[in-house]
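missing the sequence, but the structure's below:
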């Protein structure tokens, strides 16, 4: 896992993966007490950065493997990213989803061309179903984060940040990243090491799911006690990965942990001041920048807002509570 | 008013005005029955394309005039665009607003550094107040659309569209633009004439406020019967301008008129599929692309989504009625 893989992924992504802009607002700078630049990965096709990793993984396969197809386990953003990347490559995609996943997510994944295989969370064995399908059809498994090609694809975000920060005259500061298993954070950290060494990647996590923050403190992989019970469903991974954690440990600054209230408030601020739609798990980094100013020393902070696949009811909750973005 | 002015405005805007991306979604293509590319001007600083025109007008002033300051009449997007452009140039700005304008808009305009002068809609004479301030202080009036520099600034959107369409392999098709007084539509039309002659600008308007569409049919400037009574407050101008109309007449295709329901539905689609926040007046063009497929012949349609400064209550109305974006 190295910078050359990220550079190769960036070449393969040209014309396929969107280059998201850097947004800002004087109102946000005032709340945060410093300059804030927001990279809205919610504007990526499929509504989250996950399309970058999906594209990198599918495009790296040999034509033979690609023709057999790919498989992913996910009820969320990774599923959609892999499904669309596979469709654009003419590759079959199977996504294994729990049968109680939201109807809309199942429908979206099917609409993006994937074959959805449902299993019962209580009685079904997801891994056994996946292993059987892989054996029968020769499918390639695309893991959500602990996979070098996926990390390389997410790392293309970091190349863009390095270029855009330089264009904005920013050579130093923190880059806050919403962090689940650490694929995006690790990829960005590697790209910044090579291209913008004055910028430091830092994970942002929700309260109760701060496995990466604690792992960075202890120096060993820590796990979350719970597996659900947060609105930030996109980033509730139990622990950092075997590949991602050594990278995070070597390159990242300390994590920042935010409350669910701060996350909803950040969604309302993004609505009012940036005109973007964020899901809770995609707004954690913005919440850290806005409401944890003492955890940050840099004059400028860059926020990677990772996704916008939010249920309308949850979005309305944020607007109802913090609708004027102040 | 010509292409050279637009090119000059684009040069002055470099590094100050945001280059918005082109967004798309397979789900939107499916609803529309053709390829749809969306240019989200809601992502412009101040939340609408109006910052382009404000920047162009303020940056074109001589240092002497700029030091005296600028003045604008507006309770909405133009006010914020001029206020921020003036502040960035170190120029004083006065904005004359009705005293019953929403508290938040008054607050935002003040927060962007403008001096807000309130007047009573019933008893006050806005023009007299403005004329007195101009005479006393030597302020320069920046009109919302019928001003060559403002049109030139809005036209920079068209230069970007021409470049981005070419990069996406699109050489022909319609460019739908939410249209009030026609400043943006005229500027884009001029830029496309010079840089992408296969692309045709077309105004999109709300029902009951289709002055430009009717003017294009009759060949003379037509007026709306009403001045308010639509959620599309940003584009309720009574008629096209003396400068804009001849340009629109020479270069634009027929207008498309959409209902308020279609506009709210388009806002919900933009929420669900593009992860952007649109105000009703900024979603009319998307509504035209999605729900008036028979009014369009081109294989590809480019939609300029002009702004996102929407009251949370109105946004929730769109989500409540059409929240799943389908």
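Right, received. Where do you want to start? Please read these numbers as outputs of a predicted model, since none were measured by experiment.

what comes up buried for the helix or strand of chain A with the lowest mean pLDDT?
Using mean pLDDT, DSSP states H and E, helix A:103-111 stands out as the lowest-scoring helix or strand of chain A, at a mean of 86. With burial defined by 16 or more other Cβ atoms under 10 Å in any protein chain shown, the residues of helix A:103-111 counted as buried are A:104-106, A:108-109. C-beta here means a position set from N, CA and C on the backbone, and glycine is covered the same way.

residue B:163: which of these is nearest?
Residue B:163 lies nearest to residue A:108 out of these, by Cβ to Cβ, at 31.4 Å.

you'd agree the closest one is up against residue A:80?
Yes - look at residue A:108 against residue A:80 with Cβ atoms under 8 Å: they come within range, at 6.0 Å.

confidence score at residue A:325?
At residue A:325, the model reports a pLDDT of 62.

no, scratch that, I was asking about residue A:233
85.

now it. Its backbone dihedrals?
Backbone torsions for residue A:233, taken as degrees, to the nearest 10, come to phi -60, psi -20.

for the residue nearest to residue A:228 when sequence neighbours are not counted, which residues are in contact?
Nearest residue to residue A:228 in three dimensions, chain neighbours excluded: residue A:236, at 6.2 Å (Cβ to Cβ, 6 or more residues apart in numbering or on different chains). Contacts for residue A:236 (Cβ atoms under 8 Å, 6 or more residues apart in numbering or on different chains) come out as A:180, A:206, A:209, A:224, A:227-228, A:230, A:281.

redo that, cut-off 7 Å
Contact partners of residue A:236, counting by Cβ atoms under 7 Å, 6 or more residues apart in numbering or on different chains, are A:180, A:209, A:227-228, A:230.

residue A:267 contacts residue A:283, doesn't it?
Yes - look at residue A:267 against residue A:283 with Cβ atoms under 7 Å: they come within range, at 4.8 Å.

looking at those two, which one has more neighbours?
In this comparison of residue A:267 against residue A:283, neighbours counted by other Cβ atoms under 10 Å in any protein chain shown, the higher total goes to residue A:283 at 36 against 31.

what does the helix or strand harbouring the more buried one rub up against?
Per DSSP states H and E, residue A:283 falls inside helix A:280-291. Outside helix A:280-291, the residues within contact range by Cβ under 7 Å, 6+ apart are A:31-32, A:36, A:38, A:42, A:48, A:176-178, A:204-206, A:231-235, A:256, A:258, A:262-267, A:269-270, A:295, A:301, A:303-308, A:314.

now residue A:135: which helix or strand?
Assigned by DSSP H and E, residue A:135 falls within helix A:126-137.

what is the subsequent helix or strand relative to that helix?
strand A:140-141.

quick one: buried residues of the helix or strand just after that following strand?
Downstream of strand A:140-141, the first helix or strand assigned by DSSP H and E is helix A:148-167. Residues A:148-162, A:164-165 are the ones in helix A:148-167 that count as buried (16+ other Cβ under 10 Å).

who are the packing partners of helix A:148-167?
The contact analysis (3 or more Cβ pairs under 7 Å, 6 or more residues apart in numbering or on different chains; DSSP states H and E) places helix A:148-167 against helix A:3-13, helix A:50-59, helix A:183-195, strand A:300-305.
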